[in-house]
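Participant: I would like the atomic coordinates for the input below:
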Amino acid sequence: MRRLMVLLLVMAVAACGDGDATETGATEQFTQGGVSMEPTVKAGQVVTARTVTGTYEARRGDVVLIRSPGGLWGDRKAPLLKRVVAIGGETIACCDTSGKLTVDGKPLAEPYVAEDASLDEPPNPNYCGPRRFAAVTVPADSVFVMGDSRARSNDSRCAGPVPVSSVFAVIVD
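Facilitator: The predicted model follows:
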């Protein structure tokens, strides 16, 4: 009886959480429809994601599923899979002298990028082909997202930051 009471107490304490505003829901499976996240996630690959049931607490490096917020992102019904590369309050730009993204002036290590976009093309706000883009300070409650295959991704380089309210799931390992 005493072990049962201790177990119930441990379970109750574990369920209390730390008061974080972010809540995560059940896991769901999604099929990647495009090539923008290759080689991390290949077209047609099924991924498991934990749904966000509260407010998403943005973390650089997360691979997230977003609903299109409209505007330059378009009125897509299918979710978009992208990587968070900068969060609210950070300034992101491309590129430093070695061709790397910078966040708050520091180069970002991105071992997951296999097919980067061209450095030679001039910036173009209507097309996400070029790697270069002007510095953007990400608004609070927003994220700057990009595909891992930069040469084949439409992302925040041309469509701008995404409100965290558009993030509805985070890929789990």
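
Participant: what's near enough to touch the residue nearest to Val167 when sequence neighbours are not counted?
Facilitator: Spatially, and ignoring its direct neighbours in sequence, Val167 is nearest to Tyr56 (4.2 Å; C-beta to C-beta, 6 or more residues apart in numbering). The C-beta positions use only the backbone N, C-alpha and C, and glycine is treated the same way. The contact partners of Tyr56, by C-beta atoms under 8 Å, 6 or more residues apart in numbering, come to 22, 64, 164-165, 167, 170.

Participant: Thr102 too?
Facilitator: Counting by C-beta under 8 Å, 6+ apart, Thr102 touches 92-96, 108.

Participant: one more time with 7 Å, if that's ok
Facilitator: By C-beta atoms under 7 Å, 6 or more residues apart in numbering, Thr102 lies in contact with 92-93, 96, 108.

Participant: if we can go back for a sec, if you rank the contacts of Tyr56 by neighbours, which is first?
Facilitator: Highest neighbour count within the contacts of Tyr56: Val64, with 25 neighbours (other C-beta atoms under 10 Å).

Participant: for that residue, which residues are in contact?
Facilitator: So Val64 contacts 82, 84, 145, 167, 169-170 (C-beta under 7 Å, 6+ apart).

Participant: from those, which is closest to Val136?
Facilitator: Lowest distance from Val136 to these (C-beta to C-beta) belongs to Val145, with 11.9 Å.

Participant: where's that closest one, which helix or strand?
Facilitator: Per DSSP states H and E, Val145 falls inside strand 142-146.

Participant: how near is Val167 to Gly160?
Facilitator: According to C-beta to C-beta, to the nearest Å, Val167 and Gly160 sit 15 Å apart.
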